[in-house]
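The sequence and its predicted three-dimensional model are supplied below.
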Amino acid sequence: MEIVLATRNRNKVKEISEKLKIPELSILNLDNFKNFPEVIEDRRTLEGNAVKKASEISSRTKHITLADDTGLEVDILNGAPGVYSARFAGEGCTYQDNNIKLLKLLSNAPKSKRGALFRTVVAIKVPGKKAITVEGRCRGRIDVKLSGTKGFGYDPVFIPSGYKKSYAGMSLSFKNKISHRGKALDKAKKLLLKLMKEK
Ligand code: IMP
């Protein structure tokens, strides 16, 4: 069976491909399909964006498609940036801009008030069928500084509960075991195995 990952984010492709190592499943990504316009992530929920991405790419490629949408929900910011995590520091901003903005906003918050939740919704769309979604969560806190060199996005400022290192200080396979995306992908893997059996 073949599936397409509805993302051009290399870090996501790596994390997803590592988790979904299933014999007889080949994983394609958008680099295998040239000149596709970006899917605009304009829904108000992670679920809405994940379903939109999976559905648009599936209808173009005619393949089973997996899309993820992720948000970082910071307690003291009432759940912001949430679904707007990518452009938190403004249109065209970098990961570094987002992290610096977050650290500044929380500069006066003590450790006990720095709680946050990373949430990923994965949508799987089989052509002709309704998209199915699964969710993964990881609680943690926003550190007072950036640390670690691995990963991407908010990884250098997010310390998962029960650990001392940020996501960016962890290997990809360790992050994948405990992370929001890893947990969503464990559920997605079960769905894919079921689909493969039905084929
Ligand atoms: P999206 O799912 O690509 O829309 O991601 C939204 C924002 O969250 C982007 O700024 C990503 O860089 C960030 N992000 C997504 N997944 C992760 C992750 O696993 N770690 C850290 N940041 C992430």
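It's in.

make it CA atoms for all contacts and neighbour counts henceforth
Will do.

need the residues of this structure near the ligand, please.
Proximity of the chain to the ligand (C-alpha under 6 Å from any ligand atom) is limited to residues 68, 69, 70, 71, 85, 86, 152, 153, 154, 155.

how far away is residue 93 from residue 154?
Going from residue 93 to residue 154 by C-alpha to C-alpha, to the nearest Å gives 13 Å.

These two: who's more crowded?
Neighbours of residue 93 and residue 154, each counted by other C-alpha atoms under 10 Å, are more numerous for residue 154; the result is 24 against 12.

hang on, residue 156 is in a strand, isn't it?
No. Checked against DSSP: H, G, I helix; E, B strand; the rest coil, residue 156 lies outside a strand; its state is helix.

SS state for residue 41?
The three-state label given to residue 41 by three-state DSSP is coil.

nearest spatial neighbour of residue 124, skipping sequence neighbours?
Excluding the flanking residues, the one nearest residue 124 by C-alpha to C-alpha, 6 or more residues apart in numbering is residue 66, at 4.6 Å.

Residue ranges in the chain under the pLDDT threshold?
Across the chain, nothing is flagged by pLDDT under 70.

how about the strands in it?
Along the chain, counting by DSSP state E, strands occupy 2-5, 26-29, 64-74, 81-82, 115-125, 132-142, 158-160.

how about the ones you listed in TSV, adding mean neighbour count?
As requested, the strands of the chain are arranged in TSV below (neighbours: other C-alpha atoms under 10 Å):
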stretch	mean neighbour count
strand 2-5	21
strand 26-29	16
strand 64-74	25
strand 81-82	20
strand 115-125	25
strand 132-142	21
strand 158-160	26
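
Endpoints of stretch 126-134, how far apart?
Stretch 126-134 stretches 15 Å from its first residue to its last (C-alpha to C-alpha).

burial of residue 171, as a residue count?
Residue 171 has 12 neighbours, counted by other C-alpha under 10 Å.

ok, now which ones touch the closest residue to it other than its chain neighbours?
Nearest residue to residue 171 in three dimensions, chain neighbours excluded: residue 150, at 7.2 Å (C-alpha to C-alpha, 6+ apart). Applying C-alpha atoms under 8 Å, 6 or more residues apart in numbering to residue 150 gives the contacts 156, 167, 168, 169, 170, 171, 172.

Most neighbours out of those, which is it?
Ranked by neighbour count (other C-alpha under 10 Å), these have residue 167 at the top, with 27 neighbours.

Run through the residues that contact residue 114.
Residue 114 is in contact with 74, 75, 76, 106, 141, 142, 143, counting by C-alpha under 8 Å, 6+ apart.
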